[in-house]
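**Q** okay, predicted coordinates and the sequence, questions at the end:
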Amino acid sequence: MAEKFVGTPKKATTHVNQNENLIFEKSSPGKKAYRLSELDVPAVDAASLLGDAVRTDLGVMPELSEIEIVRHFTRLSTWNYAIDLGMFPLGSCTMKYNGRVNELVARLEGIAEAHPYQPESLSQGVLEIMKVLSDCLLDICGMDAITLQPAAGAHGEFTGILLARAYHESLGNARKKILIPDSAHGTNPATAAVVGYEVQNLKSNAKGMVDLAELEKLVDEDTAALMLTNPSTIGVFESEIHKIADILHAKGALLYMDGANMNALVGKTRPGDFGVDVMHLNLHKTFSTPHGGGGPGSGPVACKKILEPFLPTPLLVTKSDGKLGLEYNRPQTVGRVRMFYGNFGMFVRALAYILANGPDGLRQTTEDAVLNANYIRAKLEDTFELPYKTRSLHEVVFSDKRQAKNGVKTGDMGKRLIDYGFHAYTVSFPMVVQGAMMIEPTESESREELDLLIDALKQIAREAEENPELVQTAPHTTRVQRLDETTAARKPVLRWKAPVAATPVAVDTAAKEW
Amino acid sequence: MRYLPKSPADRKEMLAEIGVASIDDLFSTIPAEYRLTRDLNVPRQHGEQEVIEHFKAFAEKNATGYASFLGAGAYRHYRPVLIDTVVSRGEFLTSYTPYQPEIAQGTLQALFEFQTMICELTGMEIANASMYDGSTGVAEAVMMAVRVTGRNAAVVAKTVHPEYREVLATYALHQEIPVTALDYTANGRVDLAKLDAAITDDTACVLIQSPNFFGTIEDVAAIAEIAHKKGALLIVAIAEAVSLGIVKPPKEADIVAMEAQAFGVPVGYGGPYCGVIASKEKFLRQMPGRLAGETKDMSGKRGFVLTLSTREQHIRREKATSNICTNQSLVALMVTVFLTVYGKGLKELGEQNLAKAHYAAQTLGKSGKVLFGGAPRFNEFVLDLGKDAETVNASLLTKKIIGGLPLAKWYPELGADASLWCATELNTKAQIDAAATAIAGKA
């Protein structure tokens, strides 16, 4: 272990190194992990009921016992890094602690087993969860109306731009283009294209911010909206946001805000107050619903009064008798973006998070997130190049400029961080920074954990000087080393197939070590 | 606040290290006139016990202890305990998208297993690592067919879930994809003669659902033949995934867009669910969403990565195959555990569903008419009770029974008396008999 590090790291791990084949390779005919309840109605003959449509073969579907299944997935789990194991300094992703009470309340019978078509009279509790959450999010955003229907952030962007389009159409002209800064998330331009808009790139100025002169030049009567992330992807608040809004509004264009970075703003300032017309939130970022290895997300869209008529159906309403209900009859709606009402289970968890925090906790959360990012910045700005000096909010973007001289790139240092017991930071994004190292600690990290990260990054910088190869070939402590992504893409193997001949499954050489 | 791991002294010392006097100095880039100077108008801070009590109060205002016969895109099935055992592990629950494969092999291997099982069950060659849900999956599948064929229009069966069709309409409008609705016949299946007439040189795809919204199994092979003859792709949507244990897979389809919720995902008031797209391998480059692929590491050991990301938005931006970013990883894991627990036993589970629905149709049908009897069905059927379905349901509620879904809203031609009933392995004979008795007296 010791020779794998140049110095003496305060934190390092060896990842559990256990072999576990694919579930299909562990299967044997005749094993079972279930027993159905006894059938209390007459049995039927599937072949006679279904005729030609009956299925006779389930191919490679596995056959195992319960203990084997528990071990299989438990072993797989040990190969994952997770917030429960340590920090994810992933910029733009807001990997914060996921409170466990959220999981408990989401599994209460009246909530988890509520059928989406059960009568409204028997759904007042679930509708109330949506109502209370909506009201909270509206006050947090400073907006007038909201839909919880979008299933994720990018889906929220889609919904928000649909609203913008419907609004312009109602005025007689859908307009042609969406302006998107070069620092934006890739989902922004992809969304604009899906809604049928041309994308016009907006160059950032020398400070990495929106260039007002450039904006003024580009905004015209064909501009539907500007999609802006604020704070920007370099973690800096657009201080001239009101001027940006004014320039757009003067030409009848709208200001869309990508709410990916709301963790820097909650309780401190409100997008609705600084000129935003429509925005999405990521409940899986700001409001602590678990990332779960890549989803589910949830992307509510909040907007100003002028866009309310166009919100997707159904819309949650309070009826004249004080009961909550779902309103379907909305002539100007953009339609549905998802069946039912959205990722309801995420609403439950987000509301549990808000209740656990309260107004004081939410504000303190934002302050701690910003404090943590600035602490990392202060401790590392002598070690790494800081391309933009403007005051950071919840994340800080360094670059690999100094280390790249020795051939060590941002991606290498990100991989090396894994050996020190952390997830990588966000690598090579935003694209406006060459060799970007984007670090967002969130509020969930103690000073001790931050110090460990700072120590690790300083040691990696030293390694980049003294033993660049060590960093370039990292990670060295994980169950698998760097994987061949090129072959994976050139000759895609996307499913397991039973071996044709009786070739033995490749034996994992690491097995010999223990 | 109990989630925040800092003492007041930590905060003070950290501010000093940063070199600022107060936390507000860190927010100085926000213009003063936009800083919020009041508390947010959200409920006060709650203790953990209070949070639970709060949600118990919400839960009690919903239906509990009712016998339910609702399906229609959200299916009640028994969820083996192992599902929550596995997805509650912090290593899965609190992990990130597996962009760093060296420390995400657990998620990646599970997704690879998911993709394999979806291929096996649907009869397709490739499957993605999940989509938001069935409805958006259908919309993405239609856009995929447009890219594959270079044609522009879609023919969509009216027997596809109405909310799937509504979501498709939203997407299609802005993609300028004209959608033609396709009628059903007296046996509740796609009208093959009308299908033939509806397909033009511009038709990129025919979209059907099987088992369809009425629970009826479509003649996939016949529909495929008609579509293919005219150069259109066939997309088969599947809403009730458990049917795949006993119903022949839609092998003749080019793309399958399914909702895997029935495989162990709570109905949970409509989400999160687990959409997935599967297709023939030749359409791989047009597949939206994440894909897990097998590869080797530097020492030759098998491992898995997210692959073919050059299709995706973070690389291709406005030229991407879709704007989709996330998948439903944790829900796909629920599905994978469910499918592992049942494995080949999906057949037995499918048979139980067939038996329950058959018994329910026979028993409840005595008080009315089961529509579309001429074709095979899985676990749903349309019942015409000769009395307004809403009225019948209202009186069933007094007996703690939630009846079938009234269909007049979407299918006015079926009249106000028609409703869609679903019986799964969770519906006991006693529940079915009680519903039948209540209905016999017209509830």
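**A** It's in.
**Q** so for the closest residue in space to residue B:171 that isn't next to it in sequence, what's the pLDDT?
**A** Distances taken as Cβ to Cβ, 6 or more residues apart in numbering or on different chains place residue B:139 nearest to residue B:171, at 4.0 Å, with adjacent residues excluded. In short, each C-beta sits where N, CA and C put it, glycine included. Note for residue B:139: predicted pLDDT of 96.
**Q** so who does residue B:139 touch?
**A** B:167, B:168, B:170, B:171, B:172 (Cβ atoms under 8 Å, 6 or more residues apart in numbering or on different chains).
**Q** so what's the gap between the host helix or strand of it and the chain middle?
**A** Residue B:139 belongs to helix B:134-149 when assigned by DSSP states H and E. Centre-to-centre, helix B:134-149 and its host chain are 15 Å apart (Cα atoms, centre = their mean, to the nearest Å).
**Q** cool, and stretch B:185-200?
**A** 26 Å.
**Q** between its first and last residues, how far does it reach?
**A** Stretch B:185-200 has its terminal residues 21 Å apart, counting by Cα to Cα, to the nearest Å.
**Q** same check on stretch B:127-143?
**A** So stretch B:127-143: terminal residues 16 Å apart, Cα to Cα.
**Q** bridging residues for the spatially most central residue of chain B?
**A** The centroid of chain B falls nearest to residue B:259 when counting by Cα atoms, centre = their mean (3.2 Å). Note on residue B:259: beta-bridge partners by DSSP bridges are residue B:275.
**Q** contacting residues for it?
**A** B:73, B:133, B:134, B:135, B:137, B:237, B:238, B:239, B:241, B:273, B:274, B:275.
**Q** can you redo those as CSV with neighbour count?
**A** Shown next, in CSV, are those (neighbours: other Cβ atoms under 10 Å in any protein chain shown):
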residue, neighbour count
B:73, 29
B:133, 32
B:134, 30
B:135, 32
B:137, 33
B:237, 31
B:238, 28
B:239, 31
B:241, 27
B:273, 34
B:274, 34
B:275, 32
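**Q** which among those residues gets closest to residue B:437?
**A** residue B:73 (28.1 Å; Cβ to Cβ).
**Q** and that closest one, what's its pLDDT?
**A** The model's pLDDT for residue B:73 equals 98.
**Q** ok, now residue A:449?
**A** Reported pLDDT for residue A:449: 97.
**Q** and the one 3 residues further on, by the same measure?
**A** The predicted local distance difference test score for residue A:452 is 97.
**Q** one more: the one 4 residues further on?
**A** At residue A:456 the predicted local confidence, pLDDT, stands at 97.
**Q** that one - nearest residue in space that isn't next to it in sequence?
**A** residue A:420 (3.6 Å).
**Q** again, but for residue B:68
**A** residue B:402 (4.3 Å).
**Q** phi, psi of that neighbour?
**A** phi -100, psi 110 (degrees, to the nearest 10).
**Q** for it, grab the count of nearby residues.
**A** 20 (other Cβ atoms under 10 Å in any protein chain shown).
**Q** which helix of the chain spans the most residues?
**A** No chain specified, so I'll use chain A. helix A:344-380 (DSSP state H).
**Q** to clarify, I was referring to chain B.
**A** Longest helix of chain B, by residue count under DSSP H: helix B:346-365.
**Q** please look at residue A:314 and residue A:333 and confirm they touch.
**A** No - applying Cβ atoms under 8 Å as the test, residue A:314 and residue A:333 come out as separate, 9.1 Å apart.
**Q** between the two, which has more neighbouring residues?
**A** Remark: of residue A:314 and residue A:333, residue A:333 carries more neighbours, 21 against 18, as counted by other Cβ under 10 Å.
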